[in-house]
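Undergrad: One predicted model, sequence on top.
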Amino acid sequence: MACYAADLVAGENLLCMTLKAGTILRYLQAAAELSIPANMMNPCLDITGKQSKYIRDIITEMKRWESIPDRREPVTKAMVEYIFNKGMMISKSNKDNLYAALANWLILGQQSGFRRKEWAQDRSHLKKFKDIQRNVDESPSAFIINDFEFRGSNNKRIDQNSNNAVNRARIVNVKWRFQKNNDNGQVISYVEDKGDPIHCYVRAAKRIRQRAIRLRQARDKPIAIFRNNVQNIKTTYIDDIHIKTILQEAAGAVHNVTKKEELQRFTSHSIRVGACVLLHSQNISTEDIKFCLRWRSDSFKMYLRNIIQLAEMHKNAVANA
């Protein structure tokens, strides 16, 4: 029954939508009533007649999640794949379309937990100041091409200006020149994932570099860019509105999220939330999550939902009983 509760929390229900804790409890109660004609024990209770610990933990976790103010829903791998595949379709006529460009950055964001300012632009800022966001030294806040250093196997240094050498690279080192946590100049390495080419960090980083070169973006300008159509030589920066619009489209197409208030929880910040949830779901330690996603404190825990882990605990407990 705890696994059923976890499925309900994940949106696996007739309405294909997020349910609140109270509604889930009523679903469980209705399901438990099916045990009455067979004179079976209420599956929602333990042997002492109290609510099952696993169900109680799931409901408690759900209530905690509901209580978080202005929370954002996480980007999922399925959403990234939807955007990636749509970008590939459009690439037949425009290789540098928004979906293709955004998908590459989302792949990186799944592992780096990007803050929006670190890679994309704020549309209102662009309109107001007619310029990109900048650091205190007037350099771009978002990544430029020199923030990506590619390496060969065994961390072998290669010529960054050689397309052939970069195309054979197996590692990419990413530099954060300025960070919210003040750990400026931090460099984190990412290695090629041959088993999952779609979500491979290094391949996505190569495509970002290739696009910047193809669109002749200056080396001191942000590289999260795209082109609306092949006839238009002007490039456009990816901004917060682009991100929000396409993430909400993907959430609707992949997870059947239709309610406006639920769709609004998918924003550019959903990328960082999704990175936290993804690493946590793979049982990555707290310290490793903090390092990989560049947190100084444990505040990332507010993003986490432990529903799947709780269901796994229940499954294992039953299997080992």
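TA: Thanks, I have the structure now.

Undergrad: Count the residues that sit near the closest residue in space to Ala253 that isn't next to it in sequence.
TA: Distance criterion CB to CB, 6 or more residues apart in numbering; nearest residue to Ala253, sequence neighbours excluded, is Tyr82 at 5.7 Å. Where you see a C-beta, it was placed from the backbone N, CA and C, and this is true even at glycine. Neighbours of Tyr82 under the rule other CB atoms under 10 Å: 21.

Undergrad: Any figure for the gap between Ile284 and Val75?
TA: Look at Ile284 and Val75: by CB to CB, to the nearest Å, they are 17 Å apart.

Undergrad: Same question for Phe129.
TA: Taking CB to CB, one finds Phe129 at 28 Å from Val75.

Undergrad: Out of the two, name the residue with the larger neighbour count.
TA: Val75 (28 against 11).

Undergrad: Pull the contacting residues for the more buried one.
TA: Going by CB atoms under 8 Å, 6 or more residues apart in numbering, Val75 touches Leu106, Gly109, Gln110, Leu247, Phe266, Ser270, Ile271, Val273, Gly274.

Undergrad: same thing but 6 Å
TA: Shown in contact with Val75 (CB atoms under 6 Å, 6 or more residues apart in numbering): Ser270, Ile271, Gly274.

Undergrad: Regarding the last one, which helix or strand does it belong to?
TA: Take DSSP states H and E as the rule and Gly274 turns out to sit in helix 270-281.

Undergrad: From the contact counts, what lies against that helix?
TA: Contacts defined by 3 or more CB pairs under 6 Å, 6 or more residues apart in numbering; DSSP states H and E place helix 270-281 against helix 98-112.

Undergrad: Let me know the angle separating the helix it packs on from helix 270-281.
TA: 40 degrees (axes from the mean of the first three to the mean of the last three CA atoms, to 10 degrees).

Undergrad: Output the contacting helices and strands for helix 98-112.
TA: Under the contact definition 3+ CB pairs under 6 Å, 6+ apart, helix 98-112 sits against helix 77-90, helix 201-214, helix 270-281.

Undergrad: in the stretch 151-300 of the chain, which spans are helices?
TA: According to DSSP state H, counting those that start in this stretch, the stretch 151-300 of the chain carries its helices in the segments 163-167, 201-214, 240-255, 260-263, 270-281, 286-292.

Undergrad: To clarify, my last question referred to the stretch 1-150 of the chain.
TA: Using DSSP H, counting those that start in this stretch, the helices found in the stretch 1-150 of the chain span residues 2-9, 21-32, 53-67, 77-90, 98-112, 123-129.

Undergrad: how about those helices, which one is nearest Gln179?
TA: In terms of CB to CB, the element of these nearest to Gln179 is helix 98-112, at 11.6 Å.
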